[in-house]
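Novice: Build me a structure from this.
(one chain, ligands or ions: 1)
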Amino acid sequence: MEVNPELLFQGKIDAEVKIEPRDWMPPAYRKTLIRQISQHAHSEIVGMLPEGNWITRAPSLRRKAALLAKVQDEAGHGLYLYAACETLGVDRETLLNELHSGKAKYSSIFNYPTLTWADMGAIGWLVDGAAIMNQVPLCRASYGPYARAMVRVCKEESFHQRQGYEIMMTLTKGTEAQKRMAQDALDRWWWPSLMMFGPSDTDSPNSAQSMKWKIKRFSNDELRQRFVDYTVPQAEFIGLRVPDADLRWNEERQHYDFGAIDWEEFQQVLSGNGPCNRERLQARVDAHEQGAWVREAATAYAQKHQRQTV
Ligand code: FAQ
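Specialist: Prediction:
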């Protein structure tokens with residue numbers, strides 16, 4: 001009797017057996033993974049830009065060293081993720097072309113400007129904080145190479161989150177001007193951070209299937225709620241006010257209720273009309289073109305080395 005491969009596959013998923021690159025998988029599972037992992041990889045490397053902007057302006061050597069290390073970590077995350085994506089049979093050049101031509105998405109959050117030093121604090125605290133909330137469950141994603149890449153990424157993101165929160169804490173203990181700077185950064189980054197989790201569950205076309213395949217373990221709204229519950233007390237602890245008039249603790253639900261997200265703004269950013277979309281994409285294309293000689297040199301070296309060892 002012939003066994004349906006789709007049923008066998010779902011059976012492995014249900015039994016928490018990891019799917020590896022050479023295993024059979026439904027074409028739609030492969031396609032979903034390529035989409036999510038490549039969008040994730042693109043987010044990591046585009047995500048280097050807003051913070052890279054502040055490396056030369058960090059207020060001390062210690063801050064500069066930490067920020068530099070963080071931005072380099074993001075490049076490393078991009079590398080692990082592109083490598084994980086390549087195991088699905090797509091090459092890196094194709095993926096990068098999709099990013100540079102504007103065809104591929106990357107996280108909406110990186111289309112906002114970094115106006116002051118406090119934004120380095122807010123990004124580490126909120127953006128990396130949201131990233132961890134979303135990515136810790138991805139360490140258990142059903143696709144082995146993605147799950148394993150996430151383990152290391154999450155360890156580094158937690159250092160990033162702490163360095164960001166520590167910047168905010170230092171600013172809130174500083175002068176009045178520094179406190180205002182920290183509050184202003186929270187005011188600008190709060191709502192875009194909530195949007196990072198994606199559309200609400202009723203408008204998320206991919207969630208149901210991705211959860212069945214155990215790529216995603218929690219829905220977008222579940223993770224967003226967790227992030228709010230986790231982050232609001234952190235804001236209170238350092239004397240900052242979350243910019244949401246509807247935010248309040250709901251004793252019955254044991255969660256914070258929060259105000260409506262501006263989904264129109266989210267859609268605008270996704271369709272290329274955010275405050276920095278064009279600038280970010282141009283910076284990526286320029287960096288890629290200026291790095292062509294490095295790729296050529298590395299390829300030539302690899303070929304020479306291969307000839308010598310044959
Ligand atoms: N921005 O049906 P869903 C970081 C797209 S962390 C842009 O809900 P899904 C670390 C979505 O892709 C940031 N697009 O989709 C860092 C889909 O597109 P489609 C990156 C978004 O996939 C920190 C469509 O909308 N993290 O980089 C966004 O089930 C600091 C419909 O949505 C990840 O990528 C958005 N915010 O759930 C770096 C984590 N939200 O179908 C530097 C992995 C949704 O048109 C500095 N990804 N879309 O192709 C995921 O967990 C999921 O892909 C979600 C979306 C949760 C983002």
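
Novice: only C-alpha atoms for contact and neighbour calcs from this point on.
Specialist: Fine.

Novice: List the contacts of the closest residue to Cys276 other than its chain neighbours.
Specialist: Spatial nearest neighbour of Cys276, excluding adjacent residues (Cα to Cα, 6 or more residues apart in numbering): Asn111 at 4.6 Å. Counting by Cα atoms under 8 Å, 6 or more residues apart in numbering, Asn111 touches 269, 274-277, 280.

Novice: Report the buried members of the residues you listed.
Specialist: Neighbour-count burial (16 or more other Cα atoms under 10 Å) applied to the contacts of Asn111 gives 269, 274, 276-277, 280.

Novice: and these, which of them are in helices?
Specialist: Using DSSP state H, the members of the buried ones among the contacts of Asn111 that fall within helices are 277, 280.

Novice: where do the strands sit along the stretch 151-300 of the chain?
Specialist: Counting by DSSP state E, counting those that start in this stretch, the stretch 151-300 of the chain has strands at residues 248-250, 255-257.

Novice: that older thread, the ligand: which of the buried ones among the contacts of Asn111 is nearest?
Specialist: Nearest to the ligand among these: Val269, at 8.0 Å, using Cα to the nearest ligand atom.

Novice: Can you get me a residue count around the nearest residue to the closest one once chain neighbours are set aside?
Specialist: Spatial nearest neighbour of Val269, chain neighbours left out: Ser108 (6.1 Å); criterion: Cα to Cα, 6+ apart. By other Cα atoms under 10 Å, the residues close to Ser108 number 24.

Novice: now Tyr146
Specialist: Counted by other Cα under 10 Å, the residues lying close to Tyr146 total 24.

Novice: ok, now Gly259?
Specialist: Neighbours of Gly259 under the rule other Cα under 10 Å: 13.

Novice: so it touches Ala245, yeah?
Specialist: Yes - assessed by Cα atoms under 8 Å, Gly259 is found in contact with Ala245 at 7.2 Å.

Novice: who wins for proximity to Gly129 among the strands of the stretch 151-300 of the chain?
Specialist: Evaluated over these, closeness to Gly129 peaks at strand 255-257, with 17.2 Å, by Cα to Cα.

Novice: buried set for the closest one?
Specialist: Going by neighbour count (16+ other Cα under 10 Å), the buried part of strand 255-257 is 256-257.

Novice: Show me which residues of this structure sit near the ligand.
Specialist: Applying Cα under 6 Å from any ligand atom, one finds that the chain approaches the ligand through 36, 39-40, 43-44, 47-48, 74, 105-108, 127-128, 131, 134, 195-199, 204-207, 220, 270.
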